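J.: Mind looking at a prediction? Sequence and model below.
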Amino acid sequence: MQKKQQPIFRKDDYEVIQTCLQEGARESTFGPAVVESLLADFKKGRLVSKDAFPADVVRLNSRVVIQETDKPREMEVTVVLPEQADIKQRKISVMAPVGVALIGFGKGQEVMWQVPGGKKKFTIKEVFNEKD
């Protein structure tokens with residue numbers, strides 16, 4: 001299995017997410033463990049400018065194709081701020097366990113997150129970022 005690499009965050013995304021955390025997301029419906037996991041990733045991560053951010057790394061508003069390890073089914077989601085989350089539109093909050101697991105990581109990397117039945121491992125198959 002490949003070693004978990006250092007997450008990469010765009011400075012502007014980092015600031016938006018930090019503000020979100022300070023404005024009450026700590027009491028989010030996802031619980032303190034998810035928030036603490038995101039904060040831990042921020043501490044381990046590397047902040048880069050918009051121009052230096054790799055095109056194939058998950059950030060806010062990325063569309064991401066993921067595949068559960070050892071299963072053929074792929075799933076596409078978009079990582080958004082909590083107030084924009086809508087599971088019917090496959091928009092998942094950056095504060096949700098899957099959002100925390102994906103943000104900052106890139107195409108080809110494996111990520112894990114806790115689900116009610118245990119831990120799930122997924123591979124990031126594709127990342128689509130809007131040019132801005």
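T.: That came through, no problem.
J.: now the longest strand along the chain, how far from the centre of its chain.
T.: Identified as the longest strand of the chain according to DSSP state E is strand 118-128. Averaged C-alpha coordinates place strand 118-128 at 10 Å from its chain's average position (CA atoms, centre = their mean, to the nearest Å).
J.: list the buried ones in that strand?
T.: Using 16 or more other CB atoms under 10 Å as the test for burial, strand 118-128 gives K120, F122, T123, I124, V127. C-beta here means a position set from N, CA and C on the backbone, and glycine is covered the same way.
J.: for P72, helix, strand, or coil?
T.: Under the three-state scheme (DSSP: H, G, I helix; E, B strand; the rest coil), P72 adopts coil.
J.: what sits against it?
T.: Residues near P72 by CB atoms under 8 Å, 6 or more residues apart in numbering: none.
J.: ok, now how distant is it from V65?
T.: For P72, the distance to V65 equals 13 Å [CB to CB, to the nearest Å].
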